[in-house]
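Novice: Give me coordinates for this.
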Amino acid sequence: MRIEILDIIRNEVPVINKDLICKEFQVIRDNISELEKAIKYVGDKYDEIVSLSVVTEDTKCLKTENSSLSSNLKDMQKKISITEHDFAKHDQWARPQNVEIVGVPDKSN
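Specialist: Purely as a prediction, here's the structure:
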């Protein structure tokens with residue numbers, strides 16, 4: 001009877017060991033799968049952060065350019081105002097020199 005029990009144990013132990021090992025490997029596979037998902041998620045978030053960083057840098061450059069263009073616009077508006085004023089002064093100066101003839105037709109018959 002003792003031999004029979006030993007034979008049963010010898011036959012059952014490898015099966016039990018195999019089942020335990022398979023279960024443990026399945027747990028490990030599941031953990032690896034979860035880790036892969038987590039790594040992919042972190043990678044995607046990192047890519048979003050890098051993209052956001054590029055957009056932020058572009059925004060800074062655009063703000064600087066906008067500020068420069070605004071300054072240039074103000075300078076140009078001042079120059080236009082001065083030019084318009086100078087033109088008006090010149091126009092006023094030239095008017096007393098002009099003679100206006102009234103009553104003469106534009107076309108000759």
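
Novice: mind checking the SS state of Glu100?
Specialist: With DSSP: H, G, I helix; E, B strand; the rest coil as the basis, Glu100 sits in coil.

Novice: Could you pull out the helices in this structure for me?
Specialist: 2-94 (DSSP state H).

Novice: for it, which residue is closest to the average position?
Specialist: Val55 (3.1 Å; Cα atoms, centre = their mean).

Novice: Show the contacting residues for it.
Specialist: Counting by Cβ atoms under 8 Å, 6 or more residues apart in numbering, Val55 touches no other residue. For every residue, glycine as well, the C-beta is placed using N, CA and C.

Novice: Tell me the spacing between it and Glu84.
Specialist: Distance, Val55 to Glu84, by Cβ to Cβ, to the nearest Å: 42 Å.

Novice: same question, Lys78
Specialist: For Lys78 relative to Glu84 (Cβ to Cβ), the value is 11 Å.

Novice: repeat for Ser68
Specialist: Ser68 is 25 Å from Glu84, where distance means Cβ to Cβ.

Novice: One more: Glu12?
Specialist: Glu12 is 106 Å from Glu84, by Cβ to Cβ.

Novice: Give me the pLDDT for Lys40.
Specialist: Looking at Lys40, its pLDDT reads 97.
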